[in-house]
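> here is my input; please provide its structure:
(one chain, ligands or ions: 1)
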Amino acid sequence: MRLYSYYRSTSSYRVRILLNLKGIEFEYHAVDLRPTVRAQETAGFEGVSAMRQVPVLQWQEGERVHRLTQSVAIAEYLEERHPEPSLLPRGALARARVREMVEIVNSGIQPLQNIRTLGRLADLGGESAAHLWAQEVIARGLGALEALARAHPGAFLAGEALSLAEVFVIPQLYNARRFGVDLGPFEKLVTVEARCSALEPFARAHPDRQPDAPGQEGGSP
Ligand SMILES: N[C@@H](CCC(=O)N[C@@H](CS)C(=O)NCC(=O)O)C(=O)O
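Below is the predicted model:
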């Protein structure tokens, strides 16, 4: 499989964790999203992603090349095709609880503070207004996640088992630090993050360890 990714893209980070957890090898294809480069806008990339975004998962079956975008769709696909280890618990409500956490990140936080949104906000209102907005939406979403996680005692966010909730929330915490969000109020999220960081599939997916990260061969300056 090939993953079109950018080291600091949290949506790509989710898919890297997923592939590692499922034990699926992949070729890393870097797309440089830096505003000074914007490789996603190059002519060929529209055929890879109509939204001109990463992540994109690409694989071949016989003659056919398949591409899938949107990390939630990718997560559900991988869960169905590679059910072990399972990242969704048994029971309709428990599964819905995990998806609830996934959606808080996927639609409640990330689109409001992604590179495109913040770039436009900075154009309209200046860099510091955009930064403040990002801090606010991240902290608001993390507050909701912390409350949900505390309501479900256990070593992980939705109970005793690792699930898609960690796959989505751990990258968002990385981004929260980038934006200087105070993580003090999110004690359970940070505790679970430490537990996940000690696991190889999460550690290997970390932005700093990607081939396009600064300091890595092929990394950005
Ligand atoms: N809903 C999408 C979000 C994808 C997304 O926002 N990707 C960002 C990086 S995290 C991107 O490629 N931004 C570049 C752009 O929009 O120009 C997913 O979950 O995969």
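> excluding its backbone neighbours, what's nearest Gly180?
Excluding the flanking residues, the one nearest Gly180 by CB to CB, 6 or more residues apart in numbering is Gln135, at 6.7 Å. C-betas here are computed from N, CA, C, even on glycine.
> before we move on, what about Glu46?
Counting by CB to CB, 6+ apart, the residue nearest Glu46 is Arg52, at 6.3 Å.
> on that earlier part again, enumerate every residue touching the residue nearest to Gly180.
Gln135 makes contact with Phe179, Gly180, Val181 under the criterion CB atoms under 8 Å, 6 or more residues apart in numbering.
> need the contact list for Leu157.
By CB under 8 Å, 6+ apart, the contact list for Leu157 reads Met101, Leu145, Leu148, Ala149, Ser163, Ala165, Glu166, Val169, Lys188, Leu189, Val192.
> so how far is Lys188 from it?
Using CB to CB, to the nearest Å, one gets 8 Å for the distance from Leu157 to Lys188.
> one more: Ser12?
As judged by CB to CB, Ser12 and Lys188 stand 25 Å apart.
> of these two, which one has the most company?
Ser12 (28 against 19; other CB atoms under 10 Å).
> show me where this protein has its strands.
Per DSSP state E, the chain carries strands over the ranges 2-5, 27-30, 56-61, 64-69.
> pick the most buried one from those strands.
Looking across the strands of the chain with neighbours counted as mean count of other CB atoms under 10 Å, the highest average goes to strand 2-5: a mean of 22.
> so, low pLDDT: which residues of the chain?
Scanning the chain for pLDDT under 70 picks out 218-221.
> Leu88: what's it in contact with?
Going by CB under 8 Å, 6+ apart, Leu88 touches Glu79, Arg95, Val98, Ser163, Leu164.
> for the fourth one, give its distance to Gly47.
Here the criterion is CB to CB. By it, Ser163 lies 34 Å from Gly47.
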